[in-house]
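In: when you get a sec, could you give me coordinates for this:
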Amino acid sequence: YMPPRGAQGGAPSVEALQQYFDEHAIQANLNTWLNELVQHKPAAPYAWLASRIRAREPKQPAPSTPVLSREVAAAEIVAPLAKRWMYCDAFRGPAAPAAPAPSAAWVVSATEKARYDSIFQQMAPDGGRASGAKVAPVLRRSGLPNDALKAIWSLCDVGGAGSLDADWFSVAMHLAMRSKKGEPLPQVLPPEYVPPSAR
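Out: Numbers count the residues shown, from 1 in each chain. Below you'll find the predicted structure:
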């Protein structure tokens with residue numbers, strides 16, 4: 001077990017030998033090894049002496065797994081993955097639209113609707129719609145003032161067609177009955193007043 005050879009395979013320099021001896025503490029243990037060599041007389045003295053020198057070699061610590069800080073992990077791991085996800089999203093197409101919020105329940109009950117549908121059919125609607133001339137006398141039976149009746153008509157004749165279908169007629173009647181009980185008319189029709197067919 002010898003130190004590395006010198007240039008072109010020759011003998012090592014004095015400086016190289018001195019450095020090698022210092023690194024392996026050979027000078028400090030040489031007398032002890034020689035005494036043991038004479039005492040034990042091993043069959044292979046060169047191998048025996050080489051094993052002693054190897055035992056003096058400094059142990060190399062096992063490589064430890066580096067611990068990444070949050071900043072390094074974000075810069076070296078998360079950021080590249082985020083770029084890859086964005087690249088994949090570009091070919092995935094637009095995201096699906098969010099599910100619509102559940103519609104508010106219609107304020108017109110099934111019982112009211114059946115009663116108002118019966119009145120609507122008595123007006124002999126044309127093409128499923130009743131004109132203002134036919135609806136006005138029915139609304140006047142509520143006894144509401146003309147201003148209130150005009151406000152109800154404005155809220156229900158959404159398209160300005162001058163006529164109402166069966167669903168919007170039900171809304172008009174519902175508003176008239178609530179107003180007759182003293183409840184104020186809304187300035188803007190709340191969502192729950194809009195018929196399901198018009199949503």
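
In: now do the helices in the protein.
Out: With DSSP state H as the criterion, the chain has helices at 14-24, 26-40, 45-55, 70-73, 79-92, 110-122, 132-140, 146-156, 166-180.

In: any low-confidence regions in the protein?
Out: Residue ranges of the chain with pLDDT under 70: 1-31, 33-34, 37-38, 40-50, 52-103.

In: which outside residues touch stretch 150-162?
Out: For stretch 150-162, the surrounding residues in contact (Cβ atoms under 8 Å, 6 or more residues apart in numbering) are 129, 131-132, 135, 139, 144, 163-164, 168-169, 171-172, 175-176, 179, 185-186, 189, 193, 198. (Each C-beta comes from the backbone N, C-alpha and C, glycine too.)

In: just give me the neighbour total for residue 137.
Out: 9 (other Cβ atoms under 10 Å).

In: same deal with residue 120?
Out: 25.

In: correct me if wrong: it contacts residue 166.
Out: Yes: if you go by Cβ atoms under 8 Å, residue 120 and residue 166 touch, sitting 4.8 Å apart.

In: tell me, what's touching these two both at once?
Out: Joint contacts of residue 120 and residue 166 (Cβ under 8 Å, 6+ apart) do not exist.

In: dig out what the closest residue to residue 165 other than its chain neighbours forms beta bridges with.
Out: Once flanking residues are discounted, residue 165 sits nearest to residue 129: 5.2 Å by Cβ to Cβ, 6 or more residues apart in numbering. Taking DSSP bridges as the rule, residue 129 bridges to residue 126, residue 165.
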